[in-house]
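>>> Show me how the following folds:
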Amino acid sequence: QVQLVESGGGLVQPGGSLRLSCAASGFTLEPYAIGWFRQAPGKEPEGISCINRASGLIYYAPSVKGRFTISRDSAKKTVYLQMNSLKPEDTAVYHCGAVPCDAQAMGDTRDWGQGTQVTVSS
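Prediction:
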């Protein structure tokens with residue numbers, strides 16, 4: 001079965017950190033640029049970061065730039081999202097998916113896994 005599986009979410013206090021994982025199952029990540037999205041309750045999904053292995057380009061949305069870092073481990077078929085200095089407004093379900101990606105923008109998709117919940121609260 002071909003799928004991406006997100007994990008690593010949880011409850012964290014403001015200012016804390018989490019690392020999310022997006023693991024490929026049933027296929028290799030190599031040909032694909034992978035993006036992270038998040039959806040807060042009652043809001044539209046937001047594309048926040050993507051990484052393009054072929055070009056080496058990385059994109060960050062203004063809302064997370066300087067706080068989040070995306071990376072990938074080809075051997076582990078996993079893309080990571082290191083989230084630092086978390087804020088309550090980062091609370092959302094986080095998803096990953098294959099999307100077009102360059103340094104200025106990322107594409108859109110709703111072809112996600114189940115996602116992982118991130119809650120930032122004191």
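>>> Now find how far off-centre stretch 38-46 is within its chain.
13 Å (CA atoms, centre = their mean, to the nearest Å).
>>> Give me the buried stretch members for that stretch, please.
Across stretch 38-46, burial judged by 16 or more other CB atoms under 10 Å covers 38, 39, 45. (Glycine included, C-beta is placed from N, CA and C.)
>>> Start and end of that stretch, how far apart?
The first and last residues of stretch 38-46 sit 5 Å apart, counting by CA to CA, to the nearest Å.
>>> Let me see the ranges of the strands in this structure.
3-7, 10-12, 18-25, 34-39, 46-51, 58-60, 68-73, 78-83, 92-98, 116-120 (DSSP state E).
>>> Of those strands, give the one that comes closest to residue 108.
Checking those against residue 108 by CB to CB gives strand 46-51 as the closest, at 6.3 Å.
>>> That closest one to strand 34-39, inter-axis angle?
Here the directions of strand 46-51 and strand 34-39 differ by 160 degrees (axes from the mean of the first three to the mean of the last three CA atoms, to 10 degrees).
>>> about what we covered before: would you mind putting the strands of the chain into a markdown table with distance to residue 108 and mean pLDDT alongside?
Output for these, formatted as a markdown table (distance: least, CB to CB, whole Å; pLDDT from 0 to 100):
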| stretch | distance to residue 108 | mean pLDDT |
| --- | --- | --- |
| strand 3-7 | 15 | 93 |
| strand 10-12 | 26 | 98 |
| strand 18-25 | 16 | 94 |
| strand 34-39 | 8 | 96 |
| strand 46-51 | 6 | 97 |
| strand 58-60 | 12 | 97 |
| strand 68-73 | 17 | 96 |
| strand 78-83 | 17 | 97 |
| strand 92-98 | 9 | 96 |
| strand 116-120 | 20 | 98 |
